[in-house]
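Asks: my questions concern the predicted model and sequence given below.
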Amino acid sequence: MNIAKDYVVSLEVEIWDLFGNQLEASAEPLSYLHGGYDEIFPAVEAALEGKVPGDALEVELEPEDAFGDYDDELVRLAPREAFPDTLEVGMQFEGVPGEDDDDDSIYTVTEIADGQVVLDGNHPLSGIAIRFRCKVVGVRPATEEEIERGQPDDPDDVPVRVLH
């Protein structure tokens with residue numbers, strides 16, 4: 001079965017930097033709904049069009065086509081007292097405590113010093129050109145419900161999300 005619009009595609013995925021360092025690898029196949037539902041990088045989706053299970057490909061992506069350019073505006077400083085007692089570098093929070101409650105961005109604690117907490121809302125791979133390697137492990141027609149929702153609903157599927 002060939003990959004086409006409104007098909008659920010399952011992939012084994014590896015992400016590498018351009019220096020040959022592996023940055024991420026899927027432990028289980030990742031699935032997305034093919035056909036412009038913004039669940040995978042557009043350049044990867046275009047390269048996957050027409051592929052079948054067993055096919056593999058590698059796509060080089062510049063930062064703006066992958067996880068985005070690094071944005072200094074997404075780095076915030078917040079008072080330490082706005083956070084729970086247990087706080088460590090690497091912890092993540094939705095929004096910045098004490099700021100706009102409508103901010104559903106995910107921020108990572110990158111530094112704690114002098115009563116202040118530095119939070120970074122950039123994706124950890126933003127600003128990095130990557131090699132997206134994948135192998136197609138499954139292709140099936142999407143259900144009407146999946147198409148309406150814009151994502152697969154298999155309980156074992158883990159979506160491939162475009163995070164900017």
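Replies: Thanks, I have it. Nothing here was measured: the structure is a model prediction, and the numbers come from that model.

Asks: so where's the protein shaky on pLDDT?
Replies: 98, 100-101, 154-164 (pLDDT under 70).

Asks: could you find the closest non-adjacent residue to Arg80?
Replies: What sits nearest to Arg80 in space, not counting adjacent residues and going by Cβ to Cβ, 6 or more residues apart in numbering, is Gly115, at 4.8 Å. Every residue, glycine included, has its C-beta placed from N, CA and C.

Asks: pull the contacting residues for the one you found.
Replies: Neighbour list for Gly115: Pro79, Arg80, Glu81 [criterion: Cβ atoms under 8 Å, 6 or more residues apart in numbering].

Asks: now the residues you listed in JSON lines, with distance to Phe19, neighbour count and secondary structure?
Replies: Putting the contacts of Gly115 into JSON lines (distance: Cβ to Cβ, whole Å; neighbours: other Cβ atoms under 10 Å; DSSP: H, G, I helix; E, B strand; the rest coil) gives the following:
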{"residue": "Pro79", "distance to Phe19": "38", "neighbour count": "11", "secondary structure": "strand"}
{"residue": "Arg80", "distance to Phe19": "36", "neighbour count": "12", "secondary structure": "helix"}
{"residue": "Glu81", "distance to Phe19": "41", "neighbour count": "10", "secondary structure": "helix"}
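
Asks: from the residues you listed, which is closest to Met91?
Replies: Here the nearest of the contacts of Gly115 to Met91, counting by Cβ to Cβ, is Arg80; it sits at 12.7 Å.

Asks: from memory that closest one sits against Ile112, does it?
Replies: Yes - in this structure, Arg80 is within contact of Ile112 by Cβ atoms under 8 Å, at 6.7 Å.

Asks: please enumerate the helices of the chain.
Replies: All helices of the chain, identified by DSSP state H, fall at 42-48, 144-149.

Asks: output the first one as CSV, restricted to C-alpha atoms.
Replies: Meaning helix 42-48. Provided in CSV are the C-alpha atoms of helix 42-48 (Å, rounded to 0.1, in the frame of the first residue of the first chain):
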residue,chain,number,x,y,z
PRO,A,42,6.4,19.1,5.3
ALA,A,43,9.6,18.2,3.5
VAL,A,44,9.6,14.7,5.1
GLU,A,45,5.9,14.3,4.2
ALA,A,46,6.6,15.2,0.6
ALA,A,47,9.5,12.8,0.4
LEU,A,48,7.3,10.0,1.9
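
Asks: any buried residues in it, and which?
Replies: Neighbour-count burial for helix 42-48, counted by 16 or more other Cβ atoms under 10 Å, picks out Val44, Glu45, Ala47, Leu48.
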